[in-house]
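>>> okay, structure incoming, though there's no sequence with it:
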Ligand SMILES: Nc1nc2c(ncn2[C@@H]2O[C@H](COP(=O)(O)OP(=O)(O)OP(=O)(O)O)[C@@H](O)[C@H]2O)c(=O)[nH]1
Ligand SMILES: [Mg+2]
Ligand SMILES: [Zn+2]
């Protein structure tokens, strides 16, 4: 399980932002790709542990799941995969490895107060 | 306290790892060394496969290996039998290697004296997928004894790999391994991935994979003009 070290990375990034901006952080918004290799439930649990004794203690982790979006060269369009077990265009069936989204592991916003 | 407001920050959580991995990749390119990382479930056969790889490349190429292990040095001891330089990275409680560990392990090695560097990751099909190690090729290993649907159970790591090796092939008949089903599941999660089918134990099939590696090294050097 590597979710604890990922959670610590999230907390570090948020603490750093809160110090630089001189604000209090009450929630962290995370974009989590289906191909990030991170298990959401384990991350939610680890987040609480990682927040202990930091300025983020008591804050909330809000996760936005990002599905896998590929580019289909036949349809010439971005398509959402039906499943991470099948890297083929859901419309025309063409296999594709042109992944445009789904690897995200990004702190994209913070809920802050002065 | 004022009303909470939302500020956009956009920070990649793995940025630190990615930055080190990028630096490593550049270091490998300029040294002209081709770097292969190995991932698989525990016991799939990475160490035996790597020992054979080192031994067979050794007469003609300068090879070395790093091996990640939670606690023991057993794999490093086994690999050292090939007479290649081998270094152990003990990860402790960490279930995967990170770029910084590779960087630390390499700090007293001269990469210019190497043709191939192999990195055996910790046996784990989940955690290593998130961490770029700066490798040129990520090789995912599965053995015929683990079932044909491993790729469907662990799509993320198979998708992140560049080539697949199906090993312990001399046991295929005994376990009624369905080669077509295995190939179909690999191709479903990673379309177009090249697959080598071999036995590290008997050596059958190693030749084709070794020539592939040699060709990869030549291509990398052609691109880097070394
Ligand atoms: N029959 C057979 N056994 C093999 C082959 N390759 C490895 N093994 C055996 O499989 C077991 C595990 O092999 P290792 O090489 O230690 O596997 P590993 O993936 O390095 O294991 P961890 O580092 O613990 O994850 C050992 O008993 C090996 O002797 C093979 O090609 N055929
Ligand atoms: Mg091993
Ligand atoms: Zn299509």
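Sure, I can see it. Just so it is clear, the model here is predicted, and its values are computed rather than measured. Residues are numbered from 1 along each chain as shown, chains lettered A, B, ... in the order given. Ligands and ions are numbered 1, 2, ... in the order given.
>>> from ligand 3, how far out is residue B:118?
38 Å (C-beta to the ion, to the nearest Å). The C-beta positions use only the backbone N, C-alpha and C, and glycine is treated the same way.
>>> what does the closest residue in space to that residue that isn't next to it in sequence show for phi and psi?
Sequence neighbours aside, residue B:65 is the residue nearest to residue B:118 in space, at 4.4 Å (criterion: C-beta to C-beta, 6 or more residues apart in numbering or on different chains). Backbone torsions for residue B:65, taken as degrees, to the nearest 10, come to phi -140, psi 150.
>>> quick one: residues contacting residue B:65.
Contacts of residue B:65 were listed using C-beta atoms under 8 Å, 6 or more residues apart in numbering or on different chains, and they are B:50, B:54, B:79, B:84, B:85, B:86, B:87, B:117, B:118, B:119, B:120.
>>> in chain B, what residue comes closest to ligand 2?
Nearest residue of chain B to ligand 2: residue B:47, at 3.4 Å (C-beta to the ion).
>>> so what's the gap between the helix or strand containing that residue and the chain middle?
Per DSSP states H and E, residue B:47 falls inside helix B:46-57. Distance of helix B:46-57 from its chain centroid, counting by C-alpha atoms, centre = their mean, to the nearest Å, is 13 Å.
>>> hmm, it in reach of ligand 1?
Yes - contact of helix B:46-57 with ligand 1 (C-beta under 6 Å from any ligand atom) involves B:46, B:47, B:48.
>>> from the contacts of residue B:65, which is closest to ligand 3?
residue B:119 (36.3 Å).
>>> what residue ranges in chain A score low on pLDDT?
A:1 (pLDDT under 70).
>>> get me the contact residues on it for ligand 3.
Residues of chain A that fall close to ligand 3, judged by C-beta under 5 Å from the ion: A:72, A:74, A:75, A:89, A:91, A:92.
>>> now the fourth one: closest residue in space that isn't a chain neighbour?
Read it as residue A:89. residue A:72 (3.8 Å).
>>> hang on, the earlier thing: how much space between the residue nearest to the residue of chain B closest to ligand 2 when sequence neighbours are not counted and chain A?
In this structure, residue B:47 finds its nearest non-sequential neighbour in residue B:75, 4.6 Å apart by C-beta to C-beta, 6+ apart. Separation of residue B:75 from chain A (C-beta to the nearest C-beta, to the nearest Å) stands at 20 Å.
>>> ok, residue B:75 - contacts?
Going by C-beta under 8 Å, 6+ apart, the list of residues near residue B:75 reads B:46, B:47, B:67, B:69, B:88, B:120.
>>> I'd guessed the fifth one sits against residue B:69; true?
Okay, so that is residue B:88. Yes - using C-beta atoms under 8 Å, residue B:88 makes contact with residue B:69 at a distance of 6.5 Å.
>>> if we can go back for a sec, adding distance to residue A:43, neighbour count and pLDDT, write the residues of helix B:46-57 next to ligand 1 out as JSON lines.
Listed next are the residues of helix B:46-57 next to ligand 1 as JSON lines, based on distance: C-beta to C-beta, whole Å; neighbours: other C-beta atoms under 10 Å in any protein chain shown; pLDDT from 0 to 100:
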{"residue": "B:46", "distance to residue A:43": "27", "neighbour count": "27", "pLDDT": "98"}
{"residue": "B:47", "distance to residue A:43": "31", "neighbour count": "22", "pLDDT": "97"}
{"residue": "B:48", "distance to residue A:43": "34", "neighbour count": "17", "pLDDT": "97"}
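>>> and which of these is nearest residue B:35?
Checking these against residue B:35 by C-beta to C-beta gives residue B:46 as the nearest, at 15.4 Å.
>>> top helix in chain A by residue count?
For chain A, the helix that runs over the most residues, judged by DSSP state H, is helix A:3-21.
>>> which residues does it contact?
Residues outside helix A:3-21 that contact it (C-beta under 8 Å, 6+ apart): A:24-25, A:28, A:30, A:38-39, A:42-43, A:45-47, A:49-51, A:54-56, A:59, A:61, A:105, A:107, A:110, A:112, B:7, B:9, B:11, B:13-14, B:16, B:94, B:130.
>>> stretch B:176-192 close to ligand 1?
No - figure legend: stretch B:176-192 not in contact with ligand 1 (C-beta under 6 Å from any ligand atom); closest approach 12.2 Å.
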